[in-house]
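Visitor: structure for this input, please:
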Amino acid sequence: MSAFIPTTTVAVLRGETTDEYGDPADSDTPVRGGVPISLIERDQRVFVPAENRTTIVRYVTGRVRPHADIREQDRLRDERAGSIYLVEAVSRTASVVGAADVVLTLRRVDS
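Guide: Have a look, this model is predicted:
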């Protein structure tokens, strides 16, 4: 039983290729598209002692259905906005009632 309302859909980008110089580069070929996801972005003020100032850090969390094949180091391209997120962590928690949603810790990697 899933407990979230998707805010968008994403394409899962996985794998590497080589660029024109022979260096490894992320592949932009989707392995799966149309994956419903709920993206939650929040800002938090953080004090940076080395600079003696506060700054704002943006945290992004995603929730997907239990059957979604998303792994750490995958990239997710928001099919609505075009933003790209790197999957830093995948949490699969246990649930007493059915399969629980998968929680993703994301970092936005495009500008």
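Visitor: which residues are in contact with H67?
Guide: A99 (C-beta atoms under 8 Å, 6 or more residues apart in numbering). Any C-beta I mention is one placed from the backbone N, CA and C, and that applies to glycine too.
Visitor: what about it, which SS state?
Guide: Using DSSP: H, G, I helix; E, B strand; the rest coil, the structure places H67 in coil.
Visitor: what are the phi and psi values for it?
Guide: phi -90, psi 0 (degrees, to the nearest 10).
Visitor: direction included, what does the strand ranked longest in the chain pair up with?
Guide: Ordering each strand of the chain by length in residues (DSSP state E) puts strand 30-48 first. According to DSSP bridges, strand 30-48 forms sheet pairs with strand 8-13 (antiparallel), strand 53-64 (antiparallel).
Visitor: weakest of those strands by average pLDDT?
Guide: When the strands paired with strand 30-48 are compared by mean pLDDT, strand 53-64 comes last with a mean of 92.
Visitor: which parts of that strand are buried?
Guide: V60, G62, R63, V64 (16 or more other C-beta atoms under 10 Å).
Visitor: just the mean pLDDT for the longest strand of the chain, thanks.
Guide: 92.
Visitor: and for that strand, what are the contacting residues?
Guide: By C-beta under 8 Å, 6+ apart, strand 30-48 touches 4-15, 53-65, 68-70, 76-79, 85, 104, 106.
Visitor: on that earlier part again, distance to P30 added to the strands paired with strand 30-48, as a markdown table?
Guide: Listed next are the strands paired with strand 30-48 as a markdown table, based on distance: least, C-beta to C-beta, whole Å:
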| stretch | distance to P30 |
| --- | --- |
| strand 8-13 | 4 |
| strand 53-64 | 15 |
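Visitor: select, out of these, the one closest to S27.
Guide: strand 8-13 (6.5 Å; C-beta to C-beta).
Visitor: and the closest one, C-alpha only, in CSV?
Guide: Backbone C-alpha positions of strand 8-13 (Å, rounded to 0.1, in the frame of the first residue of the first chain) are rendered in CSV as follows:
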residue,chain,number,x,y,z
THR,A,8,5.9,14.3,-11.4
THR,A,9,7.3,11.4,-13.3
VAL,A,10,11.0,10.7,-13.9
ALA,A,11,13.2,8.8,-16.4
VAL,A,12,15.9,6.6,-14.7
LEU,A,13,19.3,7.2,-16.3
